[in-house]
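Colleague: for reference, the sequence and a predicted model appear below.
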Amino acid sequence: MATAIDAPAVHAPAVDVTAVDISAVDQRGARRPKSRWRVIDIVVASVIAAAVGLVYFSWNLIYSPASAPLQAALPGLQSLVYGVWLVGGVLGGFIIRKPGAAVYVSLVAASVSALLGSQWGLLTLESGLVQGLGAELIFLMFAYSNWRPIVAMLAGGASGLALGINDLGLWFPGATPVFAVIYTSSAIISGAVIAGLGSWFLLRGLVATGALNRFASGRQARVEA
């Protein structure tokens, strides 16, 4: 009987399924942290909100004489200077660049203003929330990926629109259509210029100090400079 000759065993290359799975998870997970808040995001957003809240409270004390000439010239035009109250949402969104940043900074800033003795009490918080949502919706529309000056102006303008509508419901019930249009339009313009462009220039100033080196906003602004 013929003796069988043992042929050398041929092994197929082993596939490390675990390594493949981990790699896939890493690739998917690499996108998740872009929207996930870090501890430093919370800390910096809170510091920004506290500083903006102090600005809000100071503006509460002087906005009336500052806007009186505009109101005297044309009722409703006084909201041309109200953009100061809209800076928090736009600036917070542009610096942190994470979902919810505009609402968080705007609301916390309003809370600081209220705690310091804002004359509008708890309605200050409601206004902060509404105005922050206006800016947040614009950042959401651009998928939190476009941080050009025009987006800052759109976010400020949307925040101004929210301010105008909210104020008309709270403080000017029964206002004439002409007043409503002038007041809301002025708030939109103020939001776009003061809160929008103003926040964008504030961001550039902060970048120059190196304070935002650990943030995408700081790195991108340095590249663009």
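Modeller: That came through, no problem. Worth saying up front: this structure is predicted, and the values here are computed from it rather than measured.
Colleague: what's the span of stretch 137-149 from first residue to last?
Modeller: Chord length of stretch 137-149, first to last residue, is 16 Å (CA to CA, to the nearest Å).
Colleague: ditto for stretch 206-214
Modeller: Stretch 206-214: ends 12 Å apart by CA to CA.
Colleague: quick check: buried residues in it?
Modeller: By 16 or more other CB atoms under 10 Å, the buried positions in stretch 206-214 come out as L206, V207, L212. All C-beta atoms are positioned from the backbone trio N, CA, C, and that covers glycine.
Colleague: biggest helix in this structure by residues?
Modeller: Secondary structure of the chain per DSSP state H: the longest helix is helix 39-73.
Colleague: what element comes up after that helix heading to the C-terminus?
Modeller: Sequence order places helix 87-96 as the next helix or strand after helix 39-73, per DSSP states H and E.
Colleague: average model confidence for that next one?
Modeller: The average pLDDT within helix 87-96 is 97.
Colleague: helices and strands around that helix, which ones?
Modeller: Here helix 87-96 touches helix 39-73, helix 101-115, helix 123-141, helix 149-171, helix 198-209, helix 216-224, going by 3 or more CB pairs under 8 Å, 6 or more residues apart in numbering; DSSP states H and E.
Colleague: out of those, which one sits most buried?
Modeller: Mean neighbour count (mean count of other CB atoms under 10 Å) peaks for helix 101-115 among these, with a mean of 26.
Colleague: which helices and strands sit right next to that one?
Modeller: Looks like helix 101-115 contacts helix 39-73, helix 87-96, helix 123-141 (3+ CB pairs under 8 Å, 6+ apart).
Colleague: those helices: which one's closest to G198?
Modeller: Of all the helices and strands packed on helix 101-115, helix 87-96 sits nearest to G198, with 6.3 Å by CB to CB.
Colleague: return the distance of that closest one from the chain's centre.
Modeller: Taking CA atoms, centre = their mean, to the nearest Å, one finds the center of helix 87-96 at 4 Å from the center of the full chain.
Colleague: quick check: angle from it to helix 39-73?
Modeller: Using axes from the mean of the first three to the mean of the last three CA atoms, to 10 degrees, the inter-axis angle of helix 87-96 relative to helix 39-73 is 150 degrees.
Colleague: how much does helix 87-96 deviate in direction from helix 123-141?
Modeller: 40 degrees.
Colleague: mind exporting the C-alpha coordinates of helix 87-96 to CSV?
Modeller: Only the C-alpha atoms of helix 87-96 are listed here, as CSV (Å, rounded to 0.1, in the frame of the first residue of the first chain):
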residue,chain,number,x,y,z
VAL,A,87,-23.8,89.2,22.8
GLY,A,88,-23.7,86.2,25.2
GLY,A,89,-25.4,83.7,22.8
VAL,A,90,-23.3,84.7,19.8
LEU,A,91,-20.0,84.9,21.6
GLY,A,92,-20.5,81.7,23.5
GLY,A,93,-21.5,79.8,20.4
PHE,A,94,-18.5,81.1,18.4
ILE,A,95,-16.0,80.3,21.1
ILE,A,96,-17.2,76.9,22.3
